[in-house]
Structure formats: structure tokens, C-alpha cells
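Asks: Fold the stuff below for me.
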Amino acid sequence: MSTQPSRDLETFPNPTPERDYTIRMRIPEFTCLCPKTGQPDFATLYLEYVPEASCVELKSLKLYVWSFRDEGAFHEAVTNRILADLVAATQPRFMRLRAEFWMRGGIDTTVIVDHRADNWHPGTPVHLP
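Replies: Numbering: from 1, shown residues only. Got it, this is the predicted structure:
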């Protein structure tokens, strides 16, 4: 596998496709460039998903995230693009991406985007005492 930035997202078979379960990832080193000023923007990405047939491979995800480092992008656009690419690669039952961008100009920004497969409905939550 390469050690250079790449937009190729690799997957592997879901080891337990008969069960709904949640995978959560914290990706604290996301960077892109402000499309207006060219200055760097920094964010922590929080990815959570319920896989269907496949899961995203972590090193390919790391290289994918790295590929945005020199690209200008508005926060809203880049968050939606990342979700769209991940959904296209994995076809999950459910996926949510939350991007928490660091403060710039006295404003910090959080963008949250969701995907839900048409035929999937979450189970009833269990509340323990």
C-alpha cells in the first residue's frame, strides 16, 4: 500500500453482516486550505457508521484524508464530499460524518452530514439502569 496521499478508499468484507453494529472513528488531523485565502484549515473528523457488506480500511482512510491537505474547500463542501465518497465506497446502512473545524476569524464551524440506506431502520435503543 502506498504512503502517499490517495483518493482510493479500500474496503474489506464486514465480518458480521447479519448484525447491526456501530463503528466510530476520530480523525484529529484533517487539513485543507481556505478557498478564499489559501490559509490552512484544521478539523477533527468524527465518523460513525453501521456497515452493510463492507468496512473502510483504516490506512486507506488515512491516505484519503491526507489527500485534502493542499486543496481549497469550503467546510460544508468538503464534509459532504467526504461523506459521499465514503458512502460510495462502503454502501453502509447508516453513516454520519461530523467535521469540527478550528476557529478562524473568531468563528468555529461544525458540519454534520448523514446517509441512511433506503431499506434500513435503526433498532429500538436499549436503556440500561
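Asks: Excluding chain neighbours, give the residue nearest to residue 104 in space.
Replies: For residue 104, ignoring the flanking residues on the chain, the nearest one in space by C-beta to C-beta, 6 or more residues apart in numbering is residue 41 at 6.7 Å. C-beta coordinates here come from the backbone N, C-alpha and C atoms, glycine included.
Asks: If you could redo that for residue 35, that was the one I meant.
Replies: Closest residue to residue 35 apart from its sequence neighbours, by C-beta to C-beta, 6+ apart: residue 72 at 3.7 Å.
Asks: Dig out what the one you found forms beta bridges with.
Replies: The bridge-partner assignment for residue 72, based on DSSP bridges, gives residue 33.
Asks: Can you give me the neighbour number for it?
Replies: Residue 72 is flanked by 16 other residues according to other C-beta atoms under 10 Å.
Asks: Report the separation between it and residue 41.
Replies: Between residue 72 and residue 41 the computed distance is 9 Å (C-beta to C-beta, to the nearest Å).
Asks: Residues in contact with both of these two, list them for me.
Replies: The contact sets of residue 72 and residue 41 overlap at 32, 33, 34 (C-beta atoms under 8 Å, 6 or more residues apart in numbering).
Asks: ok, the last one touching residue 105?
Replies: Just to be clear, that refers to residue 34. No. With the criterion set as C-beta atoms under 8 Å, residue 34 and residue 105 do not qualify as a contacting pair; they are 9.9 Å apart.
Asks: How far does the longest helix seen in the chain sit from its chain's centre?
Replies: The helix that spans the most residues within the chain, counting by DSSP state H, is helix 75-90. With C-alpha atoms, centre = their mean, to the nearest Å as the basis, helix 75-90 stands 7 Å off its chain's centre.
Asks: Pull the residues that contact it.
Replies: 7, 9-11, 32, 41, 43, 45, 47, 49, 51-52, 54-56, 64-65, 68, 71, 73, 92, 95, 97, 99, 101, 109, 111-115.
Asks: On the C-terminal side of it, identify the next helix or strand.
Replies: The helix or strand immediately downstream of helix 75-90 is strand 94-104, counting by DSSP states H and E.
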